[in-house]
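Asks: Structural data only, the sequence is not supplied:
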């Protein structure tokens, strides 16, 4: 398969070109907002702690601390550019989502492509960033859950919050690529799955994100409950604060990744569609409309047509389908496989 070089022209390229993407002005505005959020969330929390007497910091270190935050923000933008370049050049690097979906569906059903490009806005970027930051914090809490299950006091707040932030940053590149950008690309590529057992049709990217959202949300709640039981009723706000310490700056960093990704998402999505079509022979609604339509109609329960109120209409429709020449129905493309194989190692 890899030895052959196929000429591929994406039939949906014009639709993606017509969809509105983030302008340069909106990208700059989003990055500025991200920097402001990082500074406000970090210094805001430290100021509250200082006034409450829980934690004191040296005000003379204001400029060095601020420069560290700005450097982290700029570094996240540079890393986001690098990851987007990898996505465009090698979309197979985020094929883990396919593996997750096929495992969840027990390697059954059929796949096809039917994208619907949508306009990009800053509101979408903020909503996606909130989901991404919660996902990463949830995974980081999973890794640190047992270490956090100790007796805590107010002096441990900044330390544990810092540890959680460091772990989140360490796993950030891998999590962003595999579990954040990957499902998003599959969703915008319009990769749909026909489940012959459940008689359902769903977007693969949406399915994977639903699994990840459930995992991240439940994990954060469980860790919060365990921390609450650990500290008791004397300071019930400690577990929430530990999560917020890392969630604020992390949201700013994820927002940088999201805005940069949205600026290159059109090219990344076209590259992913090319990968799915040429490597896995996934049919699409332009090249194989009748074949895909026949697979969708095959999921309809024929008994519903018999018990329908308008039996005469259903009978006429059935006779019309039977009398339709076989030449009018597009046969299954020989080069197309009904199932996507497991992603290559």
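Replies: Looks like it came in fine. Just so we're clear, the structure is a prediction, and the values are computed from it rather than from any experiment.
Asks: immediately after the host helix or strand of residue 140, which helix or strand?
Replies: Element membership for residue 140, per DSSP states H and E: helix 122-148. Using DSSP H and E, the next helix or strand after helix 122-148 towards the C-terminus is helix 157-170.
Asks: Check which helices and strands that next one is in contact with.
Replies: If you count contacts as 3 or more CB pairs under 8 Å, 6 or more residues apart in numbering; DSSP states H and E, helix 157-170 packs onto helix 122-148, helix 237-280. C-beta coordinates here come from the backbone N, C-alpha and C atoms, glycine included.
Asks: List the buried residues of the helix or strand that that helix is followed by.
Replies: Scanning forward in sequence from helix 157-170 by DSSP H and E, the next helix or strand is helix 172-175. For helix 172-175, the neighbour count (16 or more other CB atoms under 10 Å) marks 172, 175 as buried.
Asks: residues making contact with the helix or strand that comes right after helix 172-175?
Replies: Beyond helix 172-175 on the C-terminal side, the first helix or strand identified by DSSP H and E is helix 182-189. Helix 182-189 is contacted by residues 87, 91, 94-98, 113, 115, 117-118, 128, 203-206, 208-209, 212, 261, 265, 268-269, 272-273, 276 when judged by CB atoms under 8 Å, 6 or more residues apart in numbering.
Asks: what does stretch 60-72 give?
Replies: Applying CB under 8 Å, 6+ apart, the contact partners of stretch 60-72 are 35, 38-39, 42-43, 249, 253.
Asks: So which of the residues you listed belong to helices?
Replies: Judged by DSSP state H, those include 35, 38-39, 42-43, 249, 253 as members of helices.
Asks: so what pLDDT did residue 12 get?
Replies: At residue 12, the model reports a pLDDT of 83.
Asks: who touches it in this structure?
Replies: With CB under 8 Å, 6+ apart, residue 12 has these contacts: 115, 117, 190, 270, 273, 284, 286.
Asks: Skipping its backbone neighbours, what lies nearest the last one in space?
Replies: This points to residue 286. Nearest residue to residue 286, sequence neighbours excluded (CB to CB, 6 or more residues apart in numbering): residue 11, at 4.1 Å.
Asks: quick one: secondary structure of the one you found?
Replies: coil (DSSP: H, G, I helix; E, B strand; the rest coil).
Asks: what about it, neighbour count?
Replies: 15 (other CB atoms under 10 Å).
Asks: How about residue 224?
Replies: Neighbours around residue 224, by other CB under 10 Å: 15.
Asks: and of the contacts of stretch 60-72, the nearest to residue 198?
Replies: Proximity of those to residue 198 (CB to CB) peaks at residue 253, which lies at 38.1 Å.
Asks: re the thing from before, in PyMOL, how would I select just the buried ones from the contacts of helix 182-189?
Replies: Buried residues within the contacts of helix 182-189, by 16+ other CB under 10 Å, are selected in PyMOL with:
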select buried, resi 87+91+94+95+96+97+98+113+115+117+128+203+204+205+208+209+212+261+265+268+269+272+273+276
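Asks: what is the orientation angle of the helix or strand harbouring residue 31 with helix 237-280?
Replies: Using DSSP H and E, residue 31 sits in helix 24-52. With axes from the mean of the first three to the mean of the last three CA atoms, to 10 degrees applied, the angle from helix 24-52 to helix 237-280 works out at 160 degrees.
Asks: Would you indicate which residues of helix 24-52 are buried?
Replies: In helix 24-52, counting by 16+ other CB under 10 Å, buried: 26-27, 30-31, 33-35, 37-39, 41-43, 45-46, 49.
Asks: Quick check: mean pLDDT of whatever helix or strand comes next after it?
Replies: Where DSSP H and E defines the elements, the next helix or strand beyond helix 24-52 is helix 62-89. In this model, helix 62-89 has an average pLDDT of 90.
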